[in-house]
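J.: what's the 3D shape of this:
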Amino acid sequence: MSSYKNYLVTSALVFILAGCNNNSLTTPTNKSTINNAHFKKQDVKYFNLENEYIMYALEYESQQKFESSREIYLKLFENTNNHEYLVNYLNLSFILKDYENVKKYAVSNLIENIKQEEMILKLYTLSLLKLNEKEETIINAKKLVNKFYHKSNHTLLASIYLDLKEYKLALKEFEKAYEIDKSIETLQTITSIQYYYTEEKEKSKSTMLNYIERNSYPFTLSLQLLSFYEKDKEKDKITPLLETMYFTYKKTNKEPILTKTQDLLIKYLANEDKDKAILFLEKNNIESTILLDLYKNTNKLTKANLLLDKLYKKTNNLDYLGQQAIIEFEMAKNKQMVLPNVISKFDKVLKKISNPIYENYLAYILIDYDLDIKRGLSLVKKALILEPDNLAFIDTLAWGFYKNKDCKNAYIQMKKVVDSVGLDDDEIKLHWEKIKECTK
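T.: Presented below is the predicted three-dimensional model:
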């Protein structure tokens with residue numbers, strides 16, 4: 001609730017501040033017009049220090065010395081009767097949160113049908129809102145929307161209605177604002193109010209769906225529709241929408257939203273059926289880490305190994321080579337045959353990077369196969385510096401001590417593992433029995 005109100009009020013303030021800063025500091029003429037409106041002639045007085053005062057006011061403003069700047073603008077207004085100076089004074093007072101002064105000077109100097117009327121009325125209305133004078137705020141906000149045809153005026157009135165929990169009235173004003181600018185942001189606000197506050201969930205979703213289908217699936221609005229489908233547990237609508245978004249963005253090569261949509265789609269597909277997610281990725285030639293994880297999770301190690309090889313050759317990322325070494329070893333029926341190739345891969349990886357998983361894995365191979373127990377112990381001790389409580393590493397260390405005939409330390413380390421996880425794992429049970437026997 002409050003986020004919508006804050007967004008709308010902030011938007012209105014940005015419009016006002018931009019408008020005030022862009023106002024010309026010249027005297028308005030009899031024939032000044034904006035949006036074909038004719039303005040009332042003002043009696044502007046001559047002030048011989050006007051140019052000097054303007055220079056000082058602008059300089060203070062550029063230095064963000066708003067207090068000094070606004071006082072000069074007030075003197076300029078009092079000496080010239082030029083309401084553009086009043087607008088600048090009110091604007092800076094609003095920035096300084098001096099809402100009482102905005103109210104005081106706006107209400108005493110508001111003249112109908114002058115060029116600055118809208119800006120003065122808007123600053124006055126916003127200050128009333130800040131002062132929590134809601135009835136007066138609504139009266140003046142209605143004046144704004146009835147007299148000046150701008151989106152920001154409708155959104156200002158709408159934000160007040162939101163604050164008062166008058167959701168239907170707020171919705172009506174947002175719809176008027178949408179008629180003016182047709183912006184996606186305004187449509188998102190409308191559909192959110194419909195969904196959360198006016199019991200029009202189906203209308204909200206159908207409005208969004210109709211819009212995105214006609215406008216190439218704008219990402220933010222499509223995400224909002226997806227979130228509503230998820231809230232309403234309409235899972236059958238989520239994946240088809242994501243697929244349509246994906247192929248739409250792919251056709252127009254819209255990055256980075258294509259990648260974001262792809263990741264979301266795969267997430268949902270994987271939750272439904274991992275094989276379905278894999279098939280989609282393979283069919284669309286998406287060779288990513290997501291596909292790699294899916295291969296691992298479904299025990300498709302041959303495919304995972306082939307993909308790792310492609311990813312490594314494509315990126316030279318040594319992490320892929322390290323993963324490949326593990327999978328190659330796990331897949332091998334005759335592990336002795338692959339040992340030289342696996343060790344070579346680990347050596348290449350660990351020569352360039354430090355990774356405790358790869359250090360421990362190589363350590364275990366060197367120890368278990370009696371290839372280089374001393375180096376194995378050195379590697380696992382290095383891994384334990386980074387992950388001192390990792391039970392797999394401690395098991396490797398205990399096994400290294402055992403192989404090195406250090407039964408006492410092997411027992412101390414292995415007991416930590418057994419006390420934590422028990423003896424359900426066959427390898428842990430084997431190590432524990434061997435180490436216990438060694439200590440007798």
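J.: how about the strands in this structure?
T.: 33-34, 37-38 (DSSP state E).
J.: rank those strands by pLDDT, which is bottom?
T.: Ranked by mean pLDDT, the strands of the chain bottom out at strand 33-34, with a mean of 39.
J.: Residue 394 is in contact with residue 413, isn't it?
T.: Yes. Between residue 394 and residue 413 there is a contact at 5.4 Å, judged by CB atoms under 8 Å. For every residue, glycine as well, the C-beta is placed using N, CA and C.
J.: Spit out the residues that contact these two alike.
T.: Shared contacts of residue 394 and residue 413, defined by CB atoms under 8 Å, 6 or more residues apart in numbering, are absent.
J.: Flag the shaky bits of the stretch 251-400 of the chain, pLDDT-wise.
T.: By pLDDT under 70, the stretch 251-400 of the chain contains no weakly predicted segment.
J.: show me where it has helices.
T.: Taking DSSP state H, counting those that start in this stretch to define them, one finds helices in the stretch 251-400 of the chain at 257-272, 274-283, 289-297, 301-315, 318-331, 335-352, 356-368, 373-386, 391-403.
J.: can you redo the ones you listed as TSV with distance to residue 169 and mean neighbour count?
T.: Formatted as TSV, the helices of the stretch 251-400 of the chain follow (distance: least, CB to CB, whole Å; neighbours: other CB atoms under 10 Å):
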stretch	distance to residue 169	mean neighbour count
helix 257-272	35	18
helix 274-283	46	16
helix 289-297	47	17
helix 301-315	57	16
helix 318-331	57	20
helix 335-352	65	15
helix 356-368	60	23
helix 373-386	60	19
helix 391-403	63	24
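J.: is it possible to export the ones you listed to CSV including distance to residue 125?
T.: What follows is the helices of the stretch 251-400 of the chain, written out as CSV (distance: least, CB to CB, whole Å):
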stretch, distance to residue 125
helix 257-272, 38
helix 274-283, 53
helix 289-297, 51
helix 301-315, 58
helix 318-331, 59
helix 335-352, 65
helix 356-368, 62
helix 373-386, 61
helix 391-403, 66
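J.: quick one: which of those helices is nearest residue 219?
T.: Closest to residue 219 of the helices of the stretch 251-400 of the chain is helix 257-272 (CB to CB; 4.6 Å).
J.: same for the closest one, what does it pack against?
T.: helix 219-231, helix 235-252, helix 274-283, helix 289-297 (3 or more CB pairs under 8 Å, 6 or more residues apart in numbering; DSSP states H and E).
J.: For it, give me every contacting residue.
T.: Counting by CB under 8 Å, 6+ apart, 219, 226, 235, 238-239, 242-243, 245-246, 249-250, 276-277, 280-281, 286, 290, 294 sit against helix 257-272.
J.: Walk me through the domains of the chain.
T.: 1-199, 354-440 (automatic domain parsing).
J.: quick one on the thing from earlier: with distance to residue 52 added, can I get the helices and strands packed on helix 257-272 in CSV?
T.: Output for the helices and strands packed on helix 257-272, formatted as CSV (distance: least, CB to CB, whole Å):
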stretch, distance to residue 52
helix 219-231, 49
helix 235-252, 56
helix 274-283, 70
helix 289-297, 66
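J.: Which one of those lies nearest to residue 94?
T.: Of all these, helix 219-231 comes closest under CB to CB, at 29.9 Å.
J.: Export the closest one to CSV, keeping only CA atoms.
T.: Output of helix 219-231 as CSV, limited to C-alpha atoms (Å, rounded to 0.1, in the frame of the first residue of the first chain):
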residue,chain,number,x,y,z
PHE,A,219,9.2,-7.5,-19.0
THR,A,220,8.1,-5.7,-15.8
LEU,A,221,4.4,-6.1,-16.6
SER,A,222,4.9,-9.7,-17.6
LEU,A,223,6.7,-10.4,-14.3
GLN,A,224,3.8,-8.8,-12.4
LEU,A,225,1.4,-11.1,-14.1
LEU,A,226,3.6,-14.1,-13.3
SER,A,227,3.6,-13.2,-9.7
PHE,A,228,-0.2,-13.0,-9.6
TYR,A,229,-0.4,-16.4,-11.3
GLU,A,230,1.9,-17.7,-8.6
LYS,A,231,-0.1,-16.2,-5.8
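J.: between that helix and helix 257-272, what angle do the directions make?
T.: Interaxial angle, helix 219-231 versus helix 257-272 (axes from the mean of the first three to the mean of the last three CA atoms, to 10 degrees): 10 degrees.
J.: mind listing what's buried in helix 219-231?
T.: Residues of helix 219-231 classed as buried: 219, 221-226, 228-229 (neighbour count, 16 or more other CB atoms under 10 Å).
J.: Ok, stretch 94-112 next?
T.: 94-95, 98-99, 101-103, 105-106, 109-110.
J.: same thing with stretch 163-182?
T.: Within stretch 163-182, the residues that count as buried by 16+ other CB under 10 Å are 163, 166-167, 169-174, 176-178.
J.: separation between residue 91 and residue 82?
T.: 15 Å (CB to CB, to the nearest Å).
J.: right, I mislabeled it, should have said residue 430
T.: 94 Å.
J.: quick one, which of these two is more surrounded?
T.: residue 82 (21 against 12; other CB atoms under 10 Å).
J.: Hmm, residue 43 and the more buried one touching each other?
T.: No. Judged on CB under 8 Å, residue 82 makes no contact with residue 43 at a distance of 10.0 Å.
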